[in-house]
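> Pasting the sequence and the predicted model now:
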Amino acid sequence: MIDRLRVPGVGDPVLLALVLSMTGFGIAMIYSAGQVDVQSLAAGIWVRQLYWFGVAVVALAVTSRFSLRFLEWLAPWAYGITVLLLVLVFFIGTGPNGSWIELGPGRLQPAEVAKLGTILMLARVMGGARGPYERLLEFWKPGVITLVPFVLVLLQPDLGSAMIFGALFLAALFWSGVPLPKIFLLASPGLSLLLGFNWIAWGLGFLVVAACLYVHRLFILEAVGVLLANVFAGALTLRLWDSLADYQRNRLLVFLDPEIDPLGAGWHLIQSKVAIGSGGLIGAGFANGPQKRLAFLPEQHTDFIFSVVGEEFGFIGVMLFLVLFAFLLWRVLRVASSMDDGFGSLIAFCLFAILLTHIVVNLGMAVGMMPVTGLPLPLLSYGGSFLLVLYAGFGIVQRVAWEA
Amino acid sequence: MKGDNELRSIRRQRSRWAAGAVFFCLSIVAAGFINLQIFSTELYTLLSSENRLRTITVPAPRGTIYDRYGRAIADNVPGYDVSMLPGPRDSISAGLDRLAERLDLSPERRAALLSRNRERPGEALVVRENANFEQVAFIEERRPRFRRVVVDQRPRRRYPTGPAVAHMIGYVGEISPEELTRPEYAGYESGQSIGKTGLEQQYEHRLAGRNGIRYTEVNALGTVVRDLGVAQAQAPVPGEDLHLGIDLDLQVYADSVFPEGMRGGVVALDPRTGEVLLLYSHPTFDPNAFIGGIPLDLWDSLREHPDQPMLDRVSNAFYPPGSTWKLVMSSIGMKTADLTIDTYHPSACTGGLTYHTRYFRCWLPSGHGRLNLSEAIKHSCNVWFYQAGQRIGLDPLLAGVGELGFGRPTGIDLPNERPGLFPDSREWYDERLGPGGWTEAVVWNLAIGQGENAQTLLAMAQFYAALATGRAPVKPHLVRDEMLAQQRVDWTFDLPDFQRRQLVDALARVVNEPGGTAYGSRLARWTLAGKTGTAQNPHGEPHSWFVGFAPAYDPRIVVAAIVEHGHPDGAPSPAVPLASGIVDRHLETLGLPPEATPGVRPLQTAPAPAGG
């Protein structure tokens, strides 16, 4: 192909253009989010995002030059460093949740970096396999690889980001061809954890798991293990609930009914819906959103950036963005499926999974369909670390596309 | 181990599933946006404006109250209200703390404000009405510290001659929680000012007008971002002005000449219409002190002062009418007991008279000798009236007093007027004293305005107005209004006019003939007619009364005055010069030409048959 030859390492110029333009638009929205009628620290924050954009582009250029074999060699080192960073956060972490590490002029969020490190390590371990795993016991390697950052992030505590690692694990299994019922059985203790609030719901879930086991005929020890894990998870639910931080519990409760605390935890859900809903069909126009101007949403430049989009560009703008996101996801998925190399293909698919999870959870939160989890919207939300990680990932995807 | 081809086909299948998942998830999200932005956009647009708009009440200026010559008795000047916009309780509380010292907020006031905020969290909280310029400047200079605080210019009530008009005009104050629940204050908001007493209360609904609404836009912190234009506001409707029959100059005059250190009151009516020319009670208070919340200590001192400065002694206080009552007796006697102006009683006045075993005194120990009715009025002889009472009899007396309207309110346009007290029948005595606990001797006491009799100044003025004009008795009214001037009460003064005229002559002799009890206070230019009174009372020295009118034969003013405990034995009666001074001043203001020869102009003959 012609475009492949033009710039070495850039395999999908359309995807690259899409990523760059969406980031540009994101910076414009961050600028708009800072245009408020009150004194706000967010007023000049778009400039900082612009700097991060520059750094991210450099990262993309660099990672697109790495050959896949070099990356495969690099994977354990990258993974080790990110885990080290996650541990370091407990000692030298700064910021509101203590989840940042000061790094020269900027701050790095190790939880974001760990996503990339985990992807590389998972791809190295699973990409080399010649076929899908047959036995549940074979999953111990990818299981441990994801469990370590999962637990470390959960302890920060950042439930939303931690869940991303769970999603990564399932995505990797999915892409390596593990039958869906097996994935379900693996994930079933997590389901039991949710259903454990209600013994009847948990009982029904347990029956489904048991039926699945019967149909799928695992080895007897594995089956017993799965069942025990489900019982254990169901019993653990209430204890875990008690151990959650107040703000996390509130977020989940408030999601069920925002009005129980309209000025507190329910505030974001209500205000986001009000901003988006008042945008109507065509919106208030760029930088003109009245709700945004009055700064009703404290996180409107980060997690709730899409409420600004919804208010200022209305339903038409929102739909345009959904189409752009769908297009972006499809391009990444296309790279993953067109690559024969297991390692490269899995990296691309994991990036796809991360993007999809963030987009759905973030937008679902903006329209009040999901609890407030604090996951940023890819390419649009303010946040340097996540942008950097995404761009590094996109660089690798370009390389994968180039080598395919 | 499976081959590459099989893995490739699995991936192709899985990528289709993944694409399906993308489509599925984004569709659900899109449905959420459709719901918010297409189907519920009206709701959220409304919520959005509620989010950012705060309503602020724009108080309507109260109607101005003018006297009969167009001078303002109550008007409005610009004042500053300090209020706090709705917000979280902590921040309201903290804001009050920051304001407390500058705005003189007492801990009680602060607690009251917080509890009002708890009751009505969505309303702006008026922290202080009528803040002074320094307080406003203090806030404006430190704007960032007072984000929730709004300073509104709003009309503030002012009474330029405050103490002189206090009881008549009343005052305005913040509506109380109890008043808020009353039906007549439906639509009022907490923190609003209402008329509390006097005319301000009586005509609240005419004076109040209708408050307007203004919107301000606030941000998430409740900080005012901008004031939306008049276009989106509802302008207040100013209250109606009131024009009174009061002569402000006369009020101020009465305030200046009322005997210092004494208590009492004075009221003057136009006997032809019932317009109140003067209504003054002493001691008085300054209604301006109530504007914007009266300090608690001042309020307590007003309430607990032994002289009761808040009491309206014209329409709300009772006094035994004393000798001023003798005209009531004369009228009843002429109607029911064939008394004439020339009636002599069997017993001459020797300084007293014995009823069975009890001796009833005349005020003049040496006695008045033989008198007819006219002379008895002139000299205020008790002995003559004891016998008149005896001749009338208890039952006709009780009935006759009731027929002259006593015991009922005069109908003045003031809140809480209290009707006088007078027994309506023998049963009244039986109930209170027991069937054998009293004798017919009560009639002797009643005959001289003592005993079981307590009247307001206003009731006496109303009676004398009817006596002075002979027309249907008027309803006293403060607001000058054609309708009110036409109103008459439900009793009549139905004495033949020549007899009435004879009584007027007798009253003129009281003031204008040597030996009359008010001779010392006669007027140089006009004939003042009237009756003095010395009302015995259980609380101390007798009260000093005067009720009269002038000019006697073309009355323009009826005046009733009392000075409590003002008439010890041998001392001059202070109510008389007070009343005559007021009459003189009023007639002069009217520009009434002086009479050529002020004095009694007795009817020489009995009148021709009626109709002449």
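It's in. It should be emphasised that the depicted structure is a prediction, and the values quoted were computed from it without experimental measurement.
> Helix or strand for the closest residue to A:H216 other than its chain neighbours, just tell me which one.
Nearest non-adjacent residue to A:H216, counting by CB to CB, 6 or more residues apart in numbering or on different chains: A:P181, 5.1 Å away. No exception for glycine: its C-beta is placed from N, CA and C like everyone else's. Counting by DSSP states H and E, the element that carries A:P181 is helix A:180-195.
> Check which residues of that helix are buried.
By 16 or more other CB atoms under 10 Å in any protein chain shown, the buried positions in helix A:180-195 come out as A:K182, A:I183, A:L185, A:L186, A:S188, A:P189, A:L191, A:S192, A:L193, A:L195.
> okay, that helix in PDB with CA atoms only?
In PDB, the C-alpha atoms belonging to helix A:180-195 read as follows (Å, rounded to 0.1, in the frame of the first residue of the first chain):
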ATOM      1  CA  LEU A 180     -17.800 -17.400  26.000                       C
ATOM      2  CA  PRO A 181     -19.300 -19.800  28.600                       C
ATOM      3  CA  LYS A 182     -15.900 -20.300  30.000                       C
ATOM      4  CA  ILE A 183     -15.300 -16.600  30.200                       C
ATOM      5  CA  PHE A 184     -18.700 -16.400  31.900                       C
ATOM      6  CA  LEU A 185     -17.700 -19.000  34.500                       C
ATOM      7  CA  LEU A 186     -14.400 -17.100  35.100                       C
ATOM      8  CA  ALA A 187     -16.300 -13.900  35.600                       C
ATOM      9  CA  SER A 188     -19.100 -15.500  37.600                       C
ATOM     10  CA  PRO A 189     -17.500 -14.800  41.100                       C
ATOM     11  CA  GLY A 190     -17.600 -11.100  40.100                       C
ATOM     12  CA  LEU A 191     -21.300 -11.400  39.300                       C
ATOM     13  CA  SER A 192     -21.900 -13.200  42.600                       C
ATOM     14  CA  LEU A 193     -20.200 -10.300  44.300                       C
ATOM     15  CA  LEU A 194     -22.800  -7.900  42.800                       C
ATOM     16  CA  LEU A 195     -25.800 -10.200  43.400                       C
END
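> Look through chain B and tell me its longest strand.
In chain B, with assignment by DSSP state E, the single longest strand is strand B:72-84.
> and it, what other elements does it pack with?
strand B:65-66, helix B:89-100, strand B:125-131, helix B:133-141, strand B:149-158, helix B:162-169 (3 or more CB pairs under 8 Å, 6 or more residues apart in numbering or on different chains; DSSP states H and E).
> now do 6 Å
If you count contacts as 3 or more CB pairs under 6 Å, 6 or more residues apart in numbering or on different chains; DSSP states H and E, strand B:72-84 packs onto strand B:65-66, strand B:125-131, strand B:149-158, helix B:162-169.
> hang on, isn't B:K531 packed against B:T324?
Yes - contact criterion CB atoms under 6 Å: B:K531 and B:T324 qualify, at 4.9 Å.
> Need the overlap of contacts for these two.
Common contacts of B:K531 and B:T324, defined by CB atoms under 6 Å, 6 or more residues apart in numbering or on different chains, comprise B:V547.
> For the two, indicate the residue with more neighbours.
Comparing B:K531 with B:T324 by other CB atoms under 10 Å in any protein chain shown, the one with more neighbours is B:K531, at 32 against 29.
> Return the residues in contact with the more buried one.
Residues near B:K531 by CB under 6 Å, 6+ apart: B:T324, B:L327, B:L507, B:V510, B:V547.
> nearest spatial neighbour of the fourth one, skipping sequence neighbours?
Yep, that's B:V510 we're talking about. Leaving aside its chain neighbours, B:V510 sits nearest to B:G516 (4.2 Å; criterion: CB to CB, 6+ apart).
> quick one: contacts for residue 159?
Just going to use chain A. A:Q248.
> actually it's chain B I care about, not the one you picked
B:A74, B:P287, B:N288.
> which one of the residues you listed has the most neighbours?
Using other CB under 10 Å as the neighbour criterion, B:A74 leads these with 30 neighbours.
> How many residues are close by B:L302?
B:L302: 16 neighbours (other CB under 10 Å).
> same deal with B:V252?
Neighbour number of B:V252 under other CB under 10 Å is 16.
> so it sits right up against B:P163, yeah?
No - with contact defined as CB under 6 Å, B:V252 does not reach B:P163; the gap is 9.5 Å.
> Next, the residues that contact stretch B:447-462 from outside, please.
Under the contact criterion CB under 6 Å, 6+ apart, stretch B:447-462 has outside partners B:265, B:267, B:269, B:314-315, B:318, B:320-325, B:329, B:382, B:385-386, B:388-389, B:410, B:420-423, B:442, B:445, B:476, B:536, B:547, B:558, B:560, B:562.
> Roughly how far does B:I392 sit from B:A348?
Per CB to CB, to the nearest Å, B:I392 is found 20 Å from B:A348.
> Now do A:L363 against B:A30, distance only.
Relative to B:A30, A:L363 is positioned 9 Å away (criterion: CB to CB).
> Have a look at those two and say which one is more surrounded.
The neighbour comparison of A:L363 against B:A30 (other CB under 10 Å) goes to A:L363, with 26 against 18.
> Now the more buried one: closest residue in space, sequence neighbours ignored.
Leaving aside its chain neighbours, A:L363 sits nearest to B:V29 (4.5 Å; criterion: CB to CB, 6+ apart).
> pretty sure that neighbour is in a helix, no?
Yes - looking at B:V29 with DSSP: H, G, I helix; E, B strand; the rest coil, it is inside a helix.
> Name the nearest residue to residue 193, sequence neighbours excluded.
I'll assume chain A. Using CB to CB, 6+ apart, the closest residue to A:L193 is A:A233 (4.5 Å).
> looking at chain B here, not the other one
B:V172 (4.7 Å).
> Tell me what the one you found is bridged to.
When bridges are called by DSSP bridges, B:V172 pairs up with B:G195.
> where does the stretch 301-404 of chain A dip in pLDDT?
Low-confidence segments of the stretch 301-404 of chain A (pLDDT under 70): none present.
> at 80 what do you get?
A:372-373 (pLDDT under 80).
> Could you pull up the residues touching the residue in it that chain B sits nearest to?
Nearest to chain B, among the residues of the stretch 301-404 of chain A, is A:V367, at 3.4 Å (CB to the nearest CB). By CB under 6 Å, 6+ apart, the contact set of A:V367 is B:G32, B:F33, B:L36.
> Swap in 10 Å and give it another go.
A:269, A:272-273, A:276-277, A:306-307, A:310, A:318, B:28-37 (CB atoms under 10 Å, 6 or more residues apart in numbering or on different chains).
> show me what contacts residue 23?
Since no chain was named, I'll use chain A. Neighbour list for A:T23: A:49-50, A:52-53, A:56-57, A:378-380, A:387, A:390-391, A:394 [criterion: CB under 10 Å, 6+ apart].
> switch to chain B, that's the one I care about
Here B:F23 is in contact with A:A326, A:L329, A:W330 (criterion: CB under 10 Å, 6+ apart).
> Okay, strands next: where are they in the stretch 1-150 of chain A?
A:101-103, A:106-108 (DSSP state E, counting those that start in this stretch).
> and the residue nearest to B:S193, how many neighbours?
Counted with other CB under 10 Å, the neighbours of B:V172 add up to 28.
> hang on, it packs against B:E200?
Yes - counting by CB atoms under 10 Å, B:V172 touches B:E200, with 5.3 Å between them.
> Find the residues that touch each one of those two.
Residues touching both B:V172 and B:E200 (CB under 10 Å, 6+ apart) are B:R62, B:A74, B:R157, B:Y159, B:S193, B:I194, B:L207, B:A208, B:P287, B:F290.
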